[in-house]
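Participant: here are the coordinates; sequence isn't available:
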Ligand code: SF4
């Protein structure tokens with residue numbers, strides 16, 4: 001079966017629509033006088049897709065990559081890049097194309113049971129709803145088969161070269177040296193395929209900016225612990241998305257600084273994001289497919305997210321940005337999502353850190369957002385995490401089903417029902 005797409009099979013209109021929607025959101029946020037970080041967030045999203053569109057239309061190179069690839073490398077080579085799962089989620093959710101997209105994935109045997117965050121990527125590219133990248137970068141860093149393999153199918157469909165970044169499982173000096181060399185090999189691959197050259201001074205500068213962004217992220221996470229909580233529950237996911245898209249870029253740093261300033265100003269004045277905060281929650285993972293549920297929790301139930309270990313708990317280690325390749329390798333192991341979702345939860349006393357985080361944030365309970373569609377990675381960690389939080393931090397954990405892209409599988413009504421029951425439990429627990 002031949003799956004290659006010709007240029008005639010590529011529909012560029014979908015990307016135009018997504019860009020227009022993101023710009024409209026940015027304008028809407030500005031018109032409503034929402035905090036500066038929010039307008040920045042949506043304009044950065046719009047610009048991100050716009051840069052790829054511009055490169056693609058002018059025949060310049062751009063890179064499609066999976067999660068946790070160090071994007072500082074692309075920036076320093078002047079290459080626009082797109083995070084695969086983000087492109088598919090944005091197209092699907094903005095344009096409501098789920099049925100057709102999943103049908104396309106089903107047609108080549110990617111059925112329900114494969115993570116919908118990645119199954120949807122294949123569907124989007126099989127239908128030709130995104131321009132052709134110059135190459136694809138894959139990696140195995142999070143120990144997730146979906147992260148490691150799905151973009152390989154996209155490389156095949158678009159008939160473009162693929163590079164696989166091999167990330168050693170254990171964080172050791174030997175592992176770091178190996179990974180630093182892998183990143184170097186990736187740079188050589190990119191130079192050969194795209195004809196863009198690495199600017200090593202720019203890479204060092206990008207690593208300094210990246211380091212600063214990670215520190216700001218930790219600072220925001222600590223500020224969220226204050227009572228009342230000064231951070232909006234959506235901020236964790238937003239800052240992490242910006243980290244994925246703009247690590248090492250001045251625009252990304254500007255967003256982190258704006259968010260930190262807003263959260264710190266509220267914390268200093270003792271202002272919470274809810275006037276009558278009732279439930280303080282740790283969020284384990286996020287309801288990615290439906291962030292609106294976080295607004296409902298806050299507005300209707302006075303439930304605020306005060307701790308997000310998957311997004312804010314960077315490993316507490318001094319890194320040296322003046323050695324860029326080693327910095328990027330170590331940074332990958334220090335990344336909170338990589339730590340928790342990488343199956344390394346039993347190493348480095350991560351469960352103890354989680355318990356400490358629950359205590360520091362004065363959380364009353366935790367929500368474990370379980371991706372029901374085939375996540376062997378996060379779901380297998382759910383039980384040890386729930387047991388540790390219950391036994392050592394003394395807080396209950398509510399399990400709520402979510403799906404990264406398919407609301408028909410884990411709908412909002414069911415999630416709200418489960419949350420209502422959990423909030424009742426919390427009230428009796430804290431009496
Ligand atoms: S949600 Fe789970 S299965 Fe899906 S990409 Fe993330 S780790 Fe992998």
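Facilitator: Everything's here; your move. Since the model is a prediction, treat every value here as computed from it, not as a measurement.
Participant: Where does the prediction get shaky in the stretch 201-350 of the chain?
Facilitator: For the stretch 201-350 of the chain, applying pLDDT under 70 flags the ranges 289, 341-348.
Participant: what are the ranges of the helices in it?
Facilitator: Ranges of helices in the stretch 201-350 of the chain, per DSSP state H, counting those that start in this stretch, are 235-246, 250-269, 292-301, 309-312, 324-334, 336-341, 350-360.
Participant: Would you mind listing what in the protein touches the ligand?
Facilitator: When proximity is defined by CB under 6 Å from any ligand atom, the chain lies next to the ligand at 115, 117-118, 142, 144, 146-147, 341, 371, 374-375, 377-378, 404. The way it works is simple: take the backbone N, C-alpha and C, and place the C-beta from them, glycine included.
Participant: Roughly how far does residue 307 sit from the ligand?
Facilitator: Distance of residue 307 to the ligand, given as CB to the nearest ligand atom, to the nearest Å: 20 Å.
Participant: closest point of the stretch 301-431 of the chain to the ligand, which residue?
Facilitator: The nearest approach of the stretch 301-431 of the chain to the ligand comes at residue 375, 3.2 Å away (CB to the nearest ligand atom).
Participant: Neighbours of that residue, how many?
Facilitator: When neighbours are counted by other CB atoms under 10 Å, residue 375 registers 22.
Participant: now do residue 235
Facilitator: Neighbour tally, residue 235, other CB under 10 Å: 26.
Participant: For it, list the residues it contacts.
Facilitator: When contacts are counted by CB atoms under 8 Å, 6 or more residues apart in numbering, residue 235 touches 37, 220, 224, 259, 263.
Participant: Rebuild the helices of the stretch 201-350 of the chain as TSV, extending it with distance to residue 59.
Facilitator: What follows is those, written out as TSV (distance: least, CB to CB, whole Å):
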stretch	distance to residue 59
helix 235-246	23
helix 250-269	25
helix 292-301	39
helix 309-312	37
helix 324-334	29
helix 336-341	35
helix 350-360	46
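Participant: Identify the residue nearest residue 146 in space, chain neighbours excluded?
Facilitator: residue 118 (3.9 Å; CB to CB, 6 or more residues apart in numbering).
Participant: Give the full set of residues in contact with that neighbour.
Facilitator: Here residue 118 is in contact with 84, 85, 146, 147, 150 (CB under 8 Å, 6+ apart).
Participant: Which of the residues of the chain next to the ligand ranks first by neighbour count?
Facilitator: Most surrounded of the residues of the chain next to the ligand: other CB under 10 Å gives residue 118, at 29 neighbours.
Participant: what helix or strand is that one on?
Facilitator: For residue 118, the element it lies in under DSSP states H and E is helix 116-126.
Participant: next structured bit after that helix?
Facilitator: In N-to-C order, the element after helix 116-126 by DSSP H and E is strand 135-139.
Participant: chain center to the next helix or strand after that following strand, what's the gap?
Facilitator: Next helix or strand after strand 135-139 toward the C-terminus (DSSP H and E): helix 145-158. Centre-to-centre, helix 145-158 and its host chain are 18 Å apart (CA atoms, centre = their mean, to the nearest Å).
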